[in-house]
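> A predicted structure for the sequence below; I have some questions about it.
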Amino acid sequence: MLKQIDRHLTAHNDIVLLVARLLIAALFLIAGYNAFKSLGPSIGYFGRLGIPMPQIMTPFVAGFEIVVGALVAIGLFTRPASLGLAILVVFAALIAHTNFADRAQEIQFWKNMAMTGGFLYVFCFGAGIYSLDRLRTRYR
């Protein structure tokens, strides 16, 4: 019976990969959009965190989140895009969420580590058949 269940679930792996990509990418599309929408406060936040050149880094990071998040969502260059977002999330955790005396910061740190795990999973297993990567490699 377990083999039947496993076979049935395995048949749906690519749909799950699509949903997972869309969910994890949505976070970065929204974050990037919101950073641009409130650029002044976002620059101030980056400055308070001690990030150098916040006037340049804030729009760069927001643009990176949108562009690379969109690549993950549509499944184009998914592996390098996932790795890029994993690296970004680790840096964000190490810069903004290391005050473990504050329970909220500790939760944010581990949320970032969980997202990193998700991106590493996508990096290892790729986008699945419901992706532009599939079309790109199919017609080479």
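Perfect, I can see it now.
> can you map out the helices along this protein?
Per DSSP state H, the chain carries helices over the ranges 2-10, 13-37, 39-48, 54-74, 78-96, 103-125, 132-138.
> would you list those helices in a markdown table and tack on mean neighbour count and mean pLDDT?
(Glycine included, C-beta is placed from N, CA and C.) Converted to a markdown table, these look like this (neighbours: other C-beta atoms under 10 Å; pLDDT from 0 to 100):
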| stretch | mean neighbour count | mean pLDDT |
| --- | --- | --- |
| helix 2-10 | 9 | 79 |
| helix 13-37 | 16 | 95 |
| helix 39-48 | 15 | 96 |
| helix 54-74 | 18 | 98 |
| helix 78-96 | 18 | 97 |
| helix 103-125 | 15 | 95 |
| helix 132-138 | 13 | 84 |
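> Just give the nearest non-adjacent residue to the most centrally placed residue in the chain, would you?
What sits nearest the mean C-alpha location of the chain, by C-alpha atoms, centre = their mean, is Leu85, with 4.7 Å. In space, Leu85 comes closest to Phe119 once its chain neighbours are excluded; the distance is 5.2 Å by C-beta to C-beta, 6 or more residues apart in numbering.
> ok, that neighbour - contacts?
Residues counted as contacts of Phe119 (C-beta atoms under 8 Å, 6 or more residues apart in numbering) are Ile24, Ser82, Leu83, Leu85, Ala86, Val89.
> Which two of those have the greatest separation?
Farthest apart among the contacts of Phe119 by C-beta to C-beta are Ile24 and Leu83. That separation is 13.2 Å.
> Touching, Leu27 and Ala114? I think so.
No - contact criterion C-beta atoms under 8 Å: Leu27 and Ala114 do not qualify, at 11.4 Å.
> hmm, who's touching stretch 97-112?
Outside stretch 97-112, the residues touching it (C-beta under 8 Å, 6+ apart) are Val89, Val90, Ala92, Ala93, Ala96.
> May I see these arranged in CSV, with distance to Asn13 as well?
Shown next, in CSV, are the contacts of stretch 97-112 (distance: C-beta to C-beta, whole Å):
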residue, distance to Asn13
Val89, 24
Val90, 27
Ala92, 29
Ala93, 29
Ala96, 34
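> Many thanks, we can stop here.
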